[in-house]
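# Below: sequence and its predicted model.
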Amino acid sequence: MRVTTAFSRLLRLPGVWARKVRFEPDRVVVEVALCRRRLICPECGYSTVARKDRRRQDSVWRHLDLGVWRLEVHCRRRWLWCPVHGARTEDVPFARAGSQFTRDFEGLVAWLATRTDKSTIRRMLRIDWDTVGRIIERVCDEELDGDRLEDLYDIGVDEVSWKRQHNYLTLVACHQRRQIVWGCEGKGQAAADRFFEELNQPPGERALGPSPPPAIMTAAGPGASVPIDAGVQGAWLLDGEELEPQVFARADKLRAVSMDMTGGYAKSVRTNAPQATICIDPYHVVALANQALDEVRRSYWNELRSLGDQNAAKRFKDARWSLLKKPEKLTDTQASTLSRLKSAGGEVWRAYTLKEAVRGIFQAGLDLEDVTVLIDRLLSRLSRSRLAPFIKLGKTIRKHRDGILAAIRLGINQGRTEALNNKVRLITRRAYGFHSAKAVLALVLLTCGPITLHLPHELHAHETG
């Protein structure tokens, strides 16, 4: 068997055949030629048989290593003239546009990025740190399902920090699919508005660019049409009545949106999807109660320090976890400390009982009617507590009361979204830093989104089968 034939079978690059193989001290160079005669634009797929001129462009791509040798693919590409993008070198079927790596190599990098840190990938595959991020972005852009925003009914919205100095990503998760389907840099109402803007955009418009406004047919049948936002008079309608315009917005399918009590997401939902029920996660209500208790504890600790009783302040500081942990999870030492706090009474113990009252209304086994009664009693108790942090907590709960009850009625919370966010935090820590939010978001979607990655040998085995 000729060496070129052997390498054609070994590389398994689609649409090319090996012309020449060259062995160098640290690498193997395989020169290939395209099997097709037509030239294809790498940007839009425009096809033509006409060349722009007779010049050829020598291009190099990195392929999967051959043992300890680097393997490079060389190809002399032709130039074409695209009516949209102008002069371009022709596309090749084994690599993405603008990339210096084959699809198999980038697939391996993306798969490793979802399971290990970038430093390991850099050392193992002998590529630059920034190159890993660029490969992740290219793979995500191509593999991400364009229909992932279709048929969204119950979603969760939350933000996650990916870098110091308050750098956030806003992530949208689908409760049915248990996946992150959308994300962007930033947080708050502006980020949520960007999501609804893309959600309400017709699917074809994202791929084909701006399109004329949709139109509906007139009552007279096929013929003239009018913009979707204009009323249409029909012969059978009474004077002053109009046909209802058709609704194409996918946001109208949303039934429930779960979120926490911060970030301004609720305002965006009420504006862009008023039919959706806002569900406030009970976990965040309990978390706010813990924060209020800790504020009371710190205030009392500072008071002890200001009085000069350092020993008492030190003993009380150690009581933090006795107050914040669930009673059934306390150690013997922590339970003894809590018992002493109960005997001492005072503001700290009252704050602890209020925190437990908040946690108690969300216990399993209570139906909506029970929770409604308990939350109203709790609001009355918080308003009379004479503890500033808990008075503030009561105002917050009263503001979001309907959303809290809706979460219990529908059984929708942020548990799955928080689990995905914890996975995102693990990814960002494991990567040891990112230089752009786009690279972070691409890795998040590769790991937690609607993308299924395969190793090169798995893809080729599937093609063979």
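That came through, no problem.

# quick one, strands of the stretch 1-150 of the chain?
Assigned by DSSP state E, counting those that start in this stretch, the stretch 1-150 of the chain shows strands spanning 16-23, 27-34, 39-40, 47-48, 56-66, 69-82, 86-89.

# strands paired with the fourth one, and their directions?
Looking back up the chat, that one is strand 47-48. Using DSSP bridges, the strands paired with strand 47-48 are strand 39-40 (antiparallel).

# Same question for the last one.
Strands flanking strand 86-89 in the sheet, each with its direction: strand 69-82 (antiparallel) (DSSP bridges).

# Could I get the buried residue list for the partner strand?
Neighbour counts over strand 69-82 (16 or more other CB atoms under 10 Å) mark 70-73, 75, 77-82 as buried. The way it works is simple: take the backbone N, C-alpha and C, and place the C-beta from them, glycine included.

# List just the one of the strands of the stretch 1-150 of the chain that sits closest to L443.
When the strands of the stretch 1-150 of the chain are compared by CB to CB, strand 56-66 sits nearest L443, at 20.6 Å.

# What helices and strands are in contact with the closest one?
Packing partners of strand 56-66 (3 or more CB pairs under 8 Å, 6 or more residues apart in numbering; DSSP states H and E): strand 69-82, helix 103-113.

# can you put the buried residues of strand 69-82 in TSV and add pLDDT?
Converted to TSV, the buried residues of strand 69-82 look like this (pLDDT from 0 to 100):
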residue	pLDDT
R70	94
L71	96
E72	95
V73	96
C75	94
R77	92
R78	91
W79	91
L80	92
W81	93
C82	93
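
# okay, now the domains of the protein?
1-100, 103-200+248-281+413-465, 283-410 (automatic domain parsing).

# any idea which of these is most buried?
Among the domains of the chain, domain 103-200+248-281+413-465 has the highest mean neighbour count (mean count of other CB atoms under 10 Å), at a mean of 18.

# who does V28 bridge with?
Using DSSP bridges, the bridge partners assigned to V28 are F23, L71.

# That one contacts L64, doesn't it?
No: when contacts are counted by CB atoms under 8 Å, V28 is not listed as touching L64 (11.1 Å).

# Mutual contacts of the two, please.
Residues touching both V28 and L64 (CB atoms under 8 Å, 6 or more residues apart in numbering) are L71.

# Now do A442 against E185, distance only.
According to CB to CB, to the nearest Å, A442 and E185 sit 12 Å apart.

# Hmm, I typed the wrong one, I wanted G449.
Per CB to CB, G449 is found 16 Å from E185.

# What segments of the stretch 351-465 of the chain are helices?
Remark: helices assigned in the stretch 351-465 of the chain by DSSP state H, counting those that start in this stretch are 368-383, 388-399, 401-410, 415-430, 437-448, 456-464.

# Which stretch among these approaches T262 most closely?
Checked against CB to CB, the stretch from the helices of the stretch 351-465 of the chain lying closest is helix 388-399, at 9.7 Å.

# average pLDDT across that closest one?
Mean pLDDT, computed over helix 388-399, is 94.

# helices or strands up against it?
Going by 3+ CB pairs under 8 Å, 6+ apart, helix 388-399 lies up against helix 282-306, helix 346-360, helix 368-383.

# rerun at 10 Å
Helix 388-399 sits against strand 277-280, helix 282-306, helix 346-360, helix 368-383, with contacts defined as 3 or more CB pairs under 10 Å, 6 or more residues apart in numbering; DSSP states H and E.

# can you put these in CSV and add mean pLDDT?
Converted to CSV, these look like this (pLDDT from 0 to 100):
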stretch, mean pLDDT
strand 277-280, 92
helix 282-306, 87
helix 346-360, 91
helix 368-383, 92
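
# Between those, which one is closest to L169.
That would be helix 282-306 among the helices and strands packed on helix 388-399, by CB to CB, at 18.4 Å.

# got the angle between the closest one and helix 415-430?
Helix 282-306 and helix 415-430 meet at an angle of 60 degrees, taking axes from the mean of the first three to the mean of the last three CA atoms, to 10 degrees as the criterion.

# and helix 282-306 with helix 346-360, angle?
On the basis of the same axes, to 10 degrees, helix 282-306 is oriented at 170 degrees to helix 346-360.

# Low-confidence stretches in the stretch 151-300 of the chain?
165, 202-249, 263 (pLDDT under 70).

# hmm, try it at 50
The model of the stretch 151-300 of the chain has pLDDT under 50 over residues 206-237, 243-248.

# closest to L304 out of the strands of the stretch 1-150 of the chain?
Nearest of these (CB to CB): strand 56-66, 64.5 Å.

# Mind checking the pLDDT average for the closest one?
Averaging pLDDT along strand 56-66 gives 91.

# For A442 and E185, list the residues in contact with both.
Jointly contacting A442 and E185 under the rule CB atoms under 10 Å, 6 or more residues apart in numbering are S436.

# Could you report the separation of R377 from Q291?
According to CB to CB, R377 and Q291 sit 22 Å apart.

# Oops, could you answer that again for L39 instead?
63 Å.

# same check, this time on E328
21 Å.

# Could you export the helices and strands packed on strand 56-66 as a markdown table, including distance to D158?
Converted to a markdown table, the helices and strands packed on strand 56-66 look like this (distance: least, CB to CB, whole Å):
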| stretch | distance to D158 |
| --- | --- |
| strand 69-82 | 42 |
| helix 103-113 | 23 |
